[in-house]
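# sequence below, structure please.
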Amino acid sequence: MKQKLLVNIYITINKMIKTRVGKIVKVKNQGKKAGANETYQAVILNSNGQYNPFLFTDAEIAIAYERGCKNIEDQVSRSMISMVLD
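The predicted model follows:
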């Protein structure tokens, strides 16, 4: 039983999509429950030196985008390094 669990964990880790910090990628909901979304928008963000995973629905991304468009004075801009690397 323990060996089977370790194999399942290994397979799950290897199925994970790899991405860069701050890049949003669409992922399939692997453990979908009734009423849950089929997919999510996944992103890893750096907050004060800690990298944290976030999952958003398409609707949540759309709402955040609209808020960003309406509040131009609160937006941030890309750094020169980001412009070169990304």
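# now stretch 51-67: buried residues?
Neighbour-count burial for stretch 51-67, counted by 16 or more other CB atoms under 10 Å, picks out Phe56. Heads up, the C-betas are built off the backbone N, CA and C, glycines and all.
# what mean pLDDT does it get?
For stretch 51-67, mean pLDDT rounds to 95.
# could you give the mean pLDDT of the lengthiest strand in the chain?
For the chain, the strand that runs over the most residues, judged by DSSP state E, is strand 39-47. When pLDDT is averaged along strand 39-47, the result is 93.
# neighbouring strands for that strand, and are they parallel or not?
Looking at strand 39-47 with DSSP bridges, its partner strands are strand 25-28 (antiparallel), strand 50-56 (antiparallel).
# alpha carbons only: can I get stretch 69-86 in PDB?
The C-alpha coordinates for stretch 69-86 follow below in PDB (Å, rounded to 0.1, in the frame of the first residue of the first chain):
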ATOM      1  CA  CYS A  69      -8.500  48.500 -16.600                       C
ATOM      2  CA  LYS A  70     -10.800  50.700 -14.500                       C
ATOM      3  CA  ASN A  71      -8.100  51.600 -11.900                       C
ATOM      4  CA  ILE A  72      -5.200  52.600 -14.100                       C
ATOM      5  CA  GLU A  73      -3.600  54.700 -11.300                       C
ATOM      6  CA  ASP A  74      -3.100  51.500  -9.300                       C
ATOM      7  CA  GLN A  75      -1.400  49.400 -12.000                       C
ATOM      8  CA  VAL A  76       2.200  48.400 -11.900                       C
ATOM      9  CA  SER A  77       4.500  48.400 -14.900                       C
ATOM     10  CA  ARG A  78       7.100  45.900 -16.100                       C
ATOM     11  CA  SER A  79      10.700  46.200 -15.100                       C
ATOM     12  CA  MET A  80      13.400  46.500 -17.700                       C
ATOM     13  CA  ILE A  81      14.600  43.000 -16.800                       C
ATOM     14  CA  SER A  82      11.100  41.600 -17.300                       C
ATOM     15  CA  MET A  83      11.000  43.300 -20.700                       C
ATOM     16  CA  VAL A  84      14.300  41.600 -21.700                       C
ATOM     17  CA  LEU A  85      13.600  38.200 -20.200                       C
ATOM     18  CA  ASP A  86       9.800  37.700 -20.700                       C
END
